Each structure stands twice: as C-alpha cells, then as structure tokens.
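J.: When you get a sec, could you give me coordinates for this:
(chains A and B)
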Amino acid sequence: MSSKGILLFARNNTEIDYIKQAKFLAQRAKEYLDLPVSIVTDTANTDLDGFDKVITVSSDENNVKSFYDGQNYKSNIQWKNSLRTQAYNLTPYDETLLLDTDIVICNSNFAECFDNFEDFQIYKNSIDLVDRETDLEFLRLADSGIDFYWATCVFFRKTAVNKLFFDLLIHIEQNWDHYVKAYGILTSNFRNDYVFSIGIHIINGFKPGSFAKSLPGKLYHITDKSVLKEIKNEELLLLLEDPTDTQNNTLLRTKGINVHAMNKFSLNRCIDEQ
Amino acid sequence: MSSRGFLVFAEGEQYARQAYLLALSLKFKNNYPVSIVTNEAVKDNIFDQVISYDTADTGRYRTSIRSRAYELSPYDETIVLDSDCIVLTCLDYFWNLMHRDLYYPTSVYSYRKELVTNDFYRKTFTANSLPNCYNAFFYFKKTEVNKTFYDLLNLINENWKEFYTAHCKVHTPTEPSMDVNTAIALKISGYKETSLTAPFLVHMKPLIQNWKQPSEMWTHKLGVYVNQYCQVKLGSYTQDTVLHYVEDDFVTDTIIERFEKCAIL
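T.: Residues are numbered from 1 along each chain as shown, chains lettered A, B, ... in the order given. Below is the predicted model:
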C-alpha cells in the first residue's frame, strides 16, 4: 500500500517563525485530514516532535521580499523560498500533499486528492476574499504570458512523469535568470508559483494541456494587507483591506473554508492565542 | 473519388506573397493540392493550378472575386483559406470526418487557445443576430444546394447595400464585407451550427487576445519564433492549428525561407 502524507517547507527568518506555523498546520491536518505531516527545515535545535519525519536541509538565500502586516506596516526581510522544487526528492511519501505553512485548513477537502486518479493536482485559481478584480499577477505571469498556478498547494504521486516534472522545475530554478527573461516576468525574485507555472506550460508542450488537474474544493486567500484576527475551530475572523482606503477595513467571518493567509505576522499572532 | 484541394485568393503583390507562404505551410503538413486565384504572377511550382483574372477588385475585402469561390474552385471539395493564414497541422482528419457539405467556423481562439467571447470586431453580427461566421477558413462540397447558396452569396455581394439595410440595421458596415455577406447568406439559408471536430482558428486581431494592455499591432507585443522544423511559437505558446496572423509584417524573408526548406523536405 502506498504511503500518504503532507510535506511542509519551514525555514525561519529573522521575523517570521515558519516552524510555528508548520506545527499548527500539522495539528489541523491530523484533525481534519488524518494524515501524517513531515517537515523540511534548516532550523536545528527546535522541538519538532509532532512531525512524522524531519528532513534537514541547509539553505543560503539572498531573496528579499516586502512582507506586510495589514495596510500600514511593511518589512523587507529574507525570503527562503527555494528548494520546493526538491519536494519530489525529499518527500518520504508515495503520495504527497505539499502545502505552504500559511494555509489554514478548515475542512477535509484536501483528503479527496488522494482518492482522485490524477497524479498531479494544483490550483489554477484562488478566490480573493477581498471583493475585487483578480490581479493580473494571479492570472498570468505577464499580460501576454502564460497561465498562473498556485504552488501553495500541490498534490503529486511518485511517477516517472512527475519525476521528470520536478527535475524540470529544478532546471528552471537553476536557470532562473534565463526564464525570467523568456517568460517576460517583471520581478527577478525567485517565486515558486512562477516556477510551477512555467514547468506546467513546458510539460504541456508550450500550450494549454492536461498535465495539471485541479485540486478538490476551492482555495481562498487574503494578501498580507489583510489581517487574520482569530482562528476558532473552523471559523476565521478577518479584517479585509480596503484597496481604496488604507485606513478602512471590512470585518469578515468565514466558516469551513480553507484560507491561504499570506499575512504571516497575523497568522502567528493567532497561533499564539490558541 | 471526388477531388479535394485548398483554394486561396490573392490580389496584389502583398497578398500573393502571403498566399505563397500559406501554400508552403500546406505543402509541409498536408497532402492535398493548393490552387490560387490571383491577378499576380506567382511561383507556380507550389500551386496545383493558378487561376488568373485581370480585373482589379477595388473593394477593401475583395468580395467580388472571393464570392466566386464555388465557381472558380477546380475541386469537388474545397477548403478556402484567407491568404494571411498559415496551416500548422495536418487536416486529413478534417477532410475524412467531414459529414456535411458546408462548413464555416463560428468561433475563433486567441493564440493561448482561449475561446474568443469579446465581440469588439463583430458588433454587426451580435447586434443583428447574424451567424458569427469567418471566411478565413471554410469548406464546401460542390452540390446543387451549395450552388444555390453561392449564387445567393453573389447576389448579396452585388446588392450589398440593400441586403445590409434589411439585415444589418445597426452597426451597418459602410463597405461590403465577406464575413457579413456570408453571414446574411447563411441566415437566409437556415444554416445550423453544429459541433464539429474542426481545427481551431486562431485569430490574431489584437483586441481579442485577452490582454489588459492591448497594443495596436500584436506583433509589437508578442515575439514570433519559427524554428528550422517550422514549429511556430507566438510568445510562449506553440501554434499547431490554423493561424490567421492578420498583420502584414508577420511574413518575413526568414519565415518564407524556413517554410521553403520544410516544404521541400
């Protein structure tokens, strides 16, 4: 029987404790999905007892990104987002659900991906909880460019095709400067969403194709300009940004939907309050 | 067995050059002959038949001569293509699966193979409930019914103002359009659109490419790449159907040379 589990990448920087998020996600994964969780980390000497396997890696990265905490606080800090392309090689499972640590699981939808026949599943669309037209950034890599996929949640089985796909992702990562130019990407920062999107486009033969199927259910997100205020079982309380007024917010309560909470500061505050 | 072939119209030097590239692309991937209707001297080694005429059609869309496709085609079954198209796929399946005598596409796609739903260029059709047909690629078989249809199309072309007054009450074209003429003929004939495994017609008019910031010419926004195997990419997207490239500057000496090599091989 094939092994199944969740894989998380969690490497802390000076301001954000990703391991804390990973532990929290692991608890909820057990509660909602009944799946073991393994962690890939570069942080030694930390209590990681709750994980099925701990995979230690070294990392030395120079990516810097602006992280917001609501509309009025911004910090430029190190962004350790490489190595996700190694997920195929690092995972201890035959069937892996790869998740960002800032996913707040509130239902059991993800469990269905293990029952589906499709060997590679990913979201092409995520619903912004702020009611506005979807940013081009989340639709395409450039106005005339290829479709965007969210590397936030990815399911894959160990198959020859998926091995080829992840090898391709490693190649793209290693030659990132070239692919930035070839795909008209405006930011030079390495970004996993873009790497996966390019990989899918290439493996489909440089055209729309059937390699990537959609993960079950829907993914919702808030950007880091909105604030997660409270997590109470499957209910989340959020302060949504007002794109037209930085002093204004909209209060929203959700129930039973998975949310990609990109405001990592507020996610960690909510975890501390548990 | 009935004869089959492709037919292209080309009036003037620029269109003749486009038609030559189209014929090369057809020779590369397809097995049926290509004939040209033209008033130009053309390289006849690529064409099965050169059907000459010497009257200049002064209309922008050359509707007078193009309305005569049925009469001029040397084939029992004909696929007619606009000269500013190239065919990047083998159409044998289309010929063999064709189960109707007349076919006009009523959907086109962007270079990313998105179905075009934007009617920016097709207001006459949507506003007047006309079939949204395209003449860039169509098929007909020589039958009595189709003879009547193309007689009607000729009649519409000769009396286009009267027909437009009756059938295009809003967004009325100010000059004869082949697509509008055909749409009126199809509507009068009761043409029914059916699902058909037809090749995607990729239409490159810039405002139907789903761009947030369209450019006046798509060639200003997208790179054109043609490799030694005549595989064509627009931007990051491989093209493998019928490409209606629209813009004159798509045709370069380099592209023609590449297709000449592929067609000969």
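J.: so what's the residue of the stretch 1-150 of chain B found nearest chain A closest to, chain neighbours aside?
T.: Here the stretch 1-150 of chain B gets closest to chain A at one residue, residue B:113, 5.1 Å apart by C-beta to the nearest C-beta. C-beta here means a position set from N, CA and C on the backbone, and glycine is covered the same way. Excluding the flanking residues, the one nearest residue B:113 by C-beta to C-beta, 6 or more residues apart in numbering or on different chains is residue A:208, at 5.1 Å.
J.: how close does the one you found get to residue B:46?
T.: 33 Å (C-beta to C-beta, to the nearest Å).
J.: Next: residue B:220.
T.: The separation that residue B:220 has from residue B:46, given C-beta to C-beta, amounts to 30 Å.
J.: So if I had to pick from those two, which one is more boxed in?
T.: residue B:46 (19 against 11; other C-beta atoms under 10 Å in any protein chain shown).
J.: which element is the more buried one on?
T.: Applying DSSP states H and E as the criterion places residue B:46 outside every helix and strand.
J.: Wait, it touches residue B:25, no?
T.: No. With contacts counted by C-beta atoms under 8 Å, residue B:46 stays clear of residue B:25, the gap being 10.6 Å.
J.: what touches both of those two?
T.: residue B:263 (C-beta atoms under 8 Å, 6 or more residues apart in numbering or on different chains).
J.: part of a helix, is the residue nearest to residue B:113?
T.: No. Assigned with DSSP: H, G, I helix; E, B strand; the rest coil, residue A:208 falls outside any helix and is coil.
J.: residues touching it, list them.
T.: Residue A:208 is in contact with A:147, B:112-113, counting by C-beta under 8 Å, 6+ apart.
J.: Read off the pLDDT value for it.
T.: pLDDT, residue A:208: 94.
J.: Next: residue B:194.
T.: For residue B:194, pLDDT reads 68.
J.: Pull out the buried residues from stretch B:252-264.
T.: B:255, B:258-260, B:262-263 (16 or more other C-beta atoms under 10 Å in any protein chain shown).
J.: cool, and stretch A:100-107?
T.: A:100-106.
J.: Pull up the distance across it, start to finish.
T.: From its first residue to its last, stretch A:100-107 covers 16 Å (C-alpha to C-alpha, to the nearest Å).
J.: now do stretch A:242-251
T.: End residues of stretch A:242-251 are separated by 11 Å (C-alpha to C-alpha).
J.: That one: how far from the chain's middle?
T.: Put simply, stretch A:242-251 sits 25 Å off its chain's centre (C-alpha atoms, centre = their mean, to the nearest Å).
J.: Over to stretch A:184-200?
T.: That offset, for stretch A:184-200, works out to 14 Å (C-alpha atoms, centre = their mean).
J.: Residue A:162 is in contact with residue A:120, isn't it?
T.: Yes. Counting by C-beta under 8 Å, residue A:162 touches residue A:120, with 5.9 Å between them.
J.: tell me, what's touching the two both at once?
T.: With C-beta under 8 Å, 6+ apart, residue A:162 and residue A:120 have common neighbours residue A:156.
J.: hang on, the earlier thing: give me the element the residue of the stretch 1-150 of chain B closest to chain A is part of.
T.: Counting by DSSP H and E, residue B:113 is part of no helix or strand.
J.: and it, how many residues sit next to it?
T.: By other C-beta under 10 Å, neighbour count at residue B:113 equals 16.
J.: What residues does chain A have near chain B?
T.: A:136, A:143-147, A:182-184, A:201, A:205-208 (C-beta under 8 Å from any C-beta of the partner chain).
J.: Mind checking which of the residues you listed are in helices?
T.: The helices, defined by DSSP state H, take in A:182, A:201 from the residues of chain A next to chain B.
J.: which residues touch the residue in chain B positioned nearest to chain A?
T.: Of all residues in chain B, residue B:238 sits closest to chain A, at 4.0 Å by C-beta to the nearest C-beta. Going by C-beta under 8 Å, 6+ apart, residue B:238 touches A:205-207, B:231-232.
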